[in-house]
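> below is the sequence, then the predicted model.
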Amino acid sequence: MSAGGFCKLPGGSVVVALTLPAPGSGERPVRVLVHAVNRARALTRLRNLGLRAVYLRGNAHPPTPDEITAVLHHPDGLLWREAPDASTGELWHPIRALLRPGRISPSGV
């Protein structure tokens, strides 16, 4: 499962949103947001962090306006949280919180 999409911004940059499998068993999937110059660079940023098996196929689940705002206001331009659900009000986390030791395997999601 790797649902995602992108949104091109007026300045030419893009925000890519991906829903990836949970890094641990029994957890919900995570939604990752990346702000970059283009789609290829956004995926490269994730791959450089160790998420090797990340691909964007299609534009079925583009970022919402709230997601775009969140990633644009974060200094790193990389955020994640558990996949959205109406019952939870989870905040966005910096990507390093997802990649801390024991949270995710270095070979990818």
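Structure's in. What do you need? Residues are numbered from 1 along each chain as shown.
> the longest helix along the chain packs against which elements?
Secondary structure assigned by DSSP state H gives helix 39-48 as the longest helix of the chain. Helix 39-48 sits against strand 14-20, strand 30-36, with contacts defined as 3 or more Cβ pairs under 8 Å, 6 or more residues apart in numbering; DSSP states H and E. Any C-beta I mention is one placed from the backbone N, CA and C, and that applies to glycine too.
> now those in CSV, with distance to residue 43?
Rendered in CSV, the data for these read as follows (distance: least, Cβ to Cβ, whole Å):
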stretch, distance to residue 43
strand 14-20, 7
strand 30-36, 8
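> any chance of those in CSV with mean pLDDT and mean neighbour count as columns?
As requested, these are arranged in CSV below (pLDDT from 0 to 100; neighbours: other Cβ atoms under 10 Å):
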stretch, mean pLDDT, mean neighbour count
strand 14-20, 92, 23
strand 30-36, 92, 23
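> and the helix or strand just after the longest helix of the chain with strand 14-20, angle?
Moving toward the C-terminus from helix 39-48, the first helix or strand encountered (DSSP states H and E) is helix 65-72. Regarding helix 65-72 and strand 14-20, their directions subtend 110 degrees when assessed with axes from the mean of the first three to the mean of the last three Cα atoms, to 10 degrees.
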